[in-house]
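A.B. asks: Coordinates for the following, if possible.
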Amino acid sequence: MMSKNIPTDEIRAEVEKLRRELTYHAERYYVYDSPEISDYDYDMMYAALLKLEEEYPELVTPDSPTHRVGGKPLDKFEKVTHSVKMNSLSDVFSYDEIRDFCDRVALSVKDAEFSVEPKIDGLSVSLIYENGVFVQGATRGDGEIGEDVTQNLRTVYSIPLMLKKPLTLTVRGEVYMPRAVFEKINSKREKEGKPLMANPRNAAAGSLRQLDPKVAADRKLDIFVFNLQEGDIYEDGRAPVFHKETLDTLSELGFKTLEQTAVVSSAEQIIAHIEKLGQLRDSLAYDIDGVVIKLNKLSDRLVLGEGTNTPKWAVAYKFPPEEKETKLLDITIAVGRTGVLTPNAVLSPVRLAGTTVSRATLHNLDFIREREIKIGDTVIVRKAGDIIPEVVRANKDKRDGSEIEFNMPTVCPSCGEPVFRDEGEGVAIRCTNVGCPAQISRSIEHFASKGAMNIDGLGPQIVELLLDSGLIKDAADLYSLKAEDVENLDRMGKKSAAKLIESIERSKSAGLERLIYSLGIRSIGEIAALALAKRFGTLDACIEAELEELCALEDFGEITARSVVDFFSHPQNRELCARLKVAGVLTEAVAKQSSAKLEGLTFVLTGTLPTMSRDEASSLIKANGGKVSGSVSGKTSYVVAGEAAGSKLTKAASLGVKIISEEELLLMIGD
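C.D. replies: The predicted structure is shown next:
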């Protein structure tokens, strides 16, 4: 597009000058963490360039800093086939395994050197440059096929849009979310009543897969480039000799490369650097979950070669689950949606596995008694599966006599009604009042949760606001809400209210499977809800189902079957179901099984898949007769792993469960 005005040589020179200066100062700020001008001065230069480009659109170039945030939202991500396979690494978990790795290397390579680097806990991507210009970026996916996320990667300011030399090459890096950004986003989400992000790694993966690049830009992602995949790093075409040499040269070209990297020559030196990185771990601005050890000399890598899915010249040492000491300040009681009273530890805040932890589950009174935990103890905490904080044990050596033994209350802290020990569950202490405010609140939160009716924006704080204001008394009341009813509530407004009502309306079509799960029937998870939906087809049929019919269902025992019968025998639950039906909520199964190819198989999904969301993959598995579980066990048939997969892979390996890619899943189905 040509402008009405013809740019003069002075205008062209001014545009080039502004681009050079903006690129330089962005590099100083985002790559080297050493800004030379204020944010205000940078913003003024940016505004000046943007104004000139709008006036003279023929001067716009692909590498302009104004292209950092732009482009229309995408309908989907296109697939990308990697020219160089993006392999994962074999994991090791002990120093003895590191010594074994070095011994194996020594059989083929004499006097080997190793590059020892922090393993960034993020999402792996490839960046392609042609004649020095960034042209495409893609996720790792399954190693062979990923997704084109070029628009979103342009929003990462530490990725140069133009290199300092006109080279054609492909590099690999790890996109991550800085800890400070993660904490800020979660603080905002908490105030808005939205679900909190689990950890920075998941947050980074989700942000990079936003279809709207402006959303990705708001997440302020960062990157470390750690490998040259292919191409030349020197203008004369000569090949580098060492991996560390490539990192240094990539840094000179404008990439942000790995910090705290060491080149060593023995297993003991590797271990010493791992210890050093472990000590630095808390002080870093980003999360690391291990250390990568790889041969430094590139020709030595060719000698050892590649395995089926992992190179033989590198391994990843994974840190053991992080444990920290902190003070147990108090024990509070949470009342769940089924009335179970759960003790929770109030902790002196401590940084743990990527987040600041101030609360942790204590499960039940038996758990507290077995570990002799007292209020005031110094306790050791960790995250189960790197997600759920839990107290491991008390440090009895640090007691001073002021500690207090904890006892469960005899009445519900929410409603004041008596509590009882549920003999059916052994350790569970339960509130007897079905109208308990805490149970109502939790049941509505569960009803709106992602696996249930998936009502976006209806978090715990918004539920409390709606209950306190008298706008709702149960889940069915949600469908009577109007935007004008909620827009004047604290932390709401016209836009937020409209979005909430839209999400509530959309949830009406969730279908029978999700509706059954959303009701919060004891012992009925997503798999059992699917079984009920497939067998009975309508909510009315589920309500009238006999105990014998339910016991005949696969994986249903008498306790589970009786839970269903008991739930639907209560008049108030039947009334709730009737009101949901009148409100227009779909009470019939929506998805017919398209095949039985996965019949009898149970899948667990982990990580970011190349072309599907986990919800889409879950629906596909169920549509072909399979089951989807949230945890790995001896009954798991396959774990479907994508990018940034977590501890479920380790659990699968320990149990001998087969790990497959999205592509292998599709082959099983025949898509």
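A.B. asks: most centrally placed residue in the protein?
C.D. replies: Asn202 (2.1 Å; Cα atoms, centre = their mean).
A.B. asks: In a helix, that residue, correct?
C.D. replies: Yes: under DSSP: H, G, I helix; E, B strand; the rest coil, Asn202 falls within a helix.
A.B. asks: What's the mean pLDDT across stretch 510-517?
C.D. replies: Stretch 510-517 carries an average pLDDT of 92.
A.B. asks: And the strands in the stretch 151-300 of the chain?
C.D. replies: In the stretch 151-300 of the chain, the strands defined using DSSP state E, counting those that start in this stretch lie at 169-176, 222-231, 262-264, 288-295.
A.B. asks: and Asp212, which of the ones you listed is closest to it?
C.D. replies: Closest to Asp212 of those is strand 169-176 (Cβ to Cβ; 17.0 Å). Heads up, the C-betas are built off the backbone N, CA and C, glycines and all.
A.B. asks: Kindly format the C-alpha coordinates of the closest one as CSV.
C.D. replies: C-alpha atoms of strand 169-176 as CSV (Å, rounded to 0.1, in the frame of the first residue of the first chain):
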residue,chain,number,x,y,z
LEU,A,169,19.8,-20.6,10.3
THR,A,170,17.4,-22.4,12.7
VAL,A,171,17.9,-22.3,16.5
ARG,A,172,16.1,-24.0,19.4
GLY,A,173,15.2,-22.3,22.6
GLU,A,174,13.0,-22.6,25.7
VAL,A,175,10.2,-20.1,26.1
TYR,A,176,9.4,-19.4,29.8
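A.B. asks: averaged over its residues, what pLDDT does it have?
C.D. replies: For strand 169-176, the per-residue pLDDT averages 96.
A.B. asks: Packing partners of that strand?
C.D. replies: Judged by 3 or more Cβ pairs under 8 Å, 6 or more residues apart in numbering; DSSP states H and E, the packing partners of strand 169-176 are strand 123-130, helix 200-208, strand 222-231.
A.B. asks: nearest to Ser619, of these?
C.D. replies: helix 200-208 (18.7 Å).
A.B. asks: So which residues of the stretch 401-550 of the chain form strands?
C.D. replies: Counting by DSSP E, counting those that start in this stretch, the stretch 401-550 of the chain has strands at residues 419-421, 429-431.
A.B. asks: Name the surrounding residues that touch the last one.
C.D. replies: Which is strand 429-431. With Cβ atoms under 8 Å, 6 or more residues apart in numbering as the test, strand 429-431 has contacts from 335, 338-341, 364-365, 408, 412, 414-415, 417, 419-422, 438-439.
A.B. asks: so where is the stretch 551-671 of the chain shaky, pLDDT-wise?
C.D. replies: 591-594, 644, 646, 671 (pLDDT under 70).
A.B. asks: That one: helices as residue ranges?
C.D. replies: In the stretch 551-671 of the chain, the segments counted as helices under DSSP state H, counting those that start in this stretch are 558-569, 571-582, 614-623, 647-655, 662-669.
A.B. asks: In a markdown table: the ones you listed, plus distance to Ile159 and mean neighbour count.
C.D. replies: What follows is the helices of the stretch 551-671 of the chain, written out as a markdown table (distance: least, Cβ to Cβ, whole Å; neighbours: other Cβ atoms under 10 Å):
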| stretch | distance to Ile159 | mean neighbour count |
| --- | --- | --- |
| helix 558-569 | 51 | 16 |
| helix 571-582 | 48 | 15 |
| helix 614-623 | 27 | 18 |
| helix 647-655 | 28 | 16 |
| helix 662-669 | 26 | 17 |
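A.B. asks: To Glu183, which of those lies closest?
C.D. replies: Per Cβ to Cβ, nearest to Glu183 of the helices of the stretch 551-671 of the chain: helix 647-655, 22.1 Å.
A.B. asks: Check the offset of the closest one from the chain's centre.
C.D. replies: Put simply, helix 647-655 sits 18 Å off its chain's centre (Cα atoms, centre = their mean, to the nearest Å).
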